[in-house]
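In: Need a 3D model of the sequence below.
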Amino acid sequence: MTESERRRRQLAFSAVGSVLVLLLIVVTCSVYLWKKASTSEGQMSKQAAADTVEEVTICRLAADPAKYNQKLVNVTAFLSLGFEESFLFDPSCPSSRFNIWYDFGGKKSTGTMYCCNVVPSRTRPEDVVVEDIPIPLVVDQNFDTLDRLLHRSGGGIVHSSVIGRFFSGQKMEAADGIDRWVGYGHLGASSLFMVQQVLHVDQHDRTDVDYDSSQAYPEWNGDCFYQSLSQLESAIEVQRQADADGGSWMFEDPKRVAVEALAKQLKLNPVSLANIKLKRQAQGRMFFEWRLNNQNRPFAVVVTRPYPLVFFAKTSKVAWVPSGVYRLSCND
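Out: This next block holds a predicted model:
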């Protein structure tokens, strides 16, 4: 074999060896990528299964918090926002009213003031994480609408469908025998719902109902304060009574609603309260005052047309509801 033939054979073997090495690398990489893809796909499938959105009612959520702990759920409910208030609730389920605190995911926040005069910022530097779970947020027109209506002057109540992750908190057995779930919100007294997407928002497009989330109190100056005297029927029950009589005065006569509520509380004939006076009013709210024999310490009655009743009324008519009966008390 000549020297030239030996070199050609060495080059041929070298080329074949390079091809084999290259082929081995390709096969190895392919197997690695396939395994990685399979693993990722499996993880994504598990994550997708874990993040399946379950549609629930607020009543079910409040009744069995442990069942939905850390789960993504879709709820249609009322969201209220105000001073030390950021609650998700359903008026037909009284136990839910102050038991589920909500906030926004992502870098947004409700900015609700609660506990110790600390006002959280409306934004966060990074996406929020709760119980080691990242909470994203879809910021779109629906979210902007919800955010705007909640942050109306004084705070608002909004009816909306939202997707969020629910955190039950810790179970606490109270002295009254009623189990409570705590750990979040004002004074850590609630469960938590972190809003991730707003699916629908009902607009504030009526001029006859009260969209304000704050409790309607009478106003007095000085060293006096208002003392609540009333244990009133639920607003839904009042609406049902009014609906039972299609032409009920409860739809059209807020002064009579105030008189009847005060007369019942004081066990007086409504006729004796004829001089009750309207002191001030706002959309869907009226504040009445009455003095017994011209005494300096008046009684007050607040009546409202609560926005949530729009969703419980048989027709478009919403009843006037007594929301509080008060007596002025002074430190003397």
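In: Where do the domain boundaries of the protein fall?
Out: Split into domains by automatic domain parsing, the chain comes to 54-201, 224-330.
In: Quick one, which of the ones you listed gets closest to residue 209.
Out: Residue 209 sits nearest to domain 224-330 of all the domains of the chain, at 4.7 Å, using Cβ to Cβ. Backbone N, C-alpha and C define where each C-beta goes, glycine included.
In: ends of that closest one, how far apart?
Out: Across its full length, domain 224-330 reaches 4 Å between end residues, using Cα to Cα, to the nearest Å.
In: avg pLDDT for stretch 244-264?
Out: Summarised as a single mean, pLDDT over stretch 244-264 is 92.
In: Tell me where the model's unsure across the chain.
Out: 1-50, 115-119, 221-222, 331-332 (pLDDT under 70).
In: Tell me the bridge partners for the spatially most central residue of it.
Out: Closest residue to the average C-alpha location of the chain: residue 88 at 2.8 Å, with Cα atoms, centre = their mean. On the basis of DSSP bridges, residue 88 is bridged to residue 79.
In: Nearest to residue 208 among the domains of the chain would be which one?
Out: It's domain 224-330; of those, that one is closest to residue 208 (Cβ to Cβ) at 6.1 Å.
In: so residue 170 touches residue 184, yeah?
Out: No - at 9.8 Å, residue 170 and residue 184 do not qualify as touching, with contact defined as Cβ atoms under 8 Å.
In: higher neighbour count, those two?
Out: residue 184 (22 against 12; other Cβ atoms under 10 Å).
In: Can you classify the closest residue in space to that one that isn't next to it in sequence by secondary structure?
Out: Of all residues beyond its chain neighbours, the one nearest residue 184 is residue 192 (3.7 Å), with distances taken as Cβ to Cβ, 6 or more residues apart in numbering. Judged by DSSP: H, G, I helix; E, B strand; the rest coil, the three-state class of residue 192 is strand.
In: In contact with residue 192, which residues?
Out: 100, 101, 102, 103, 130, 166, 167, 169, 183, 184, 185 (Cβ atoms under 8 Å, 6 or more residues apart in numbering).
In: cool, residue 183 as well?
Out: 167, 169, 170, 190, 191, 192.
In: I'd like the distance from the nearest residue to the third one once chain neighbours are set aside to residue 172, if you could.
Out: Across the structure, with Cβ to Cβ, 6+ apart as the measure, the residue nearest residue 170 apart from its sequence neighbours is residue 183 (5.1 Å). Distance of residue 183 to residue 172, computed by Cβ to Cβ, to the nearest Å: 9 Å.
In: Check residue 239 too.
Out: With Cβ to Cβ as the criterion, residue 239 and residue 172 are 34 Å apart.
In: could you pull out the helices for this structure?
Out: 3-50, 58-63, 141-150, 235-244, 254-266 (DSSP state H).
In: what's in contact with the last one?
Out: Think helix 254-266. By Cβ under 8 Å, 6+ apart, helix 254-266 touches 229-230, 232, 249-250, 268-270, 272-274, 276, 278, 286, 288, 290, 299, 301, 303, 320-322, 325.
In: if we can go back for a sec, please report the distance of the residue nearest to the centre of the chain from residue 61.
Out: For residue 88, the distance to residue 61 - Cβ to Cβ - is 8 Å.
In: All set now, cheers.
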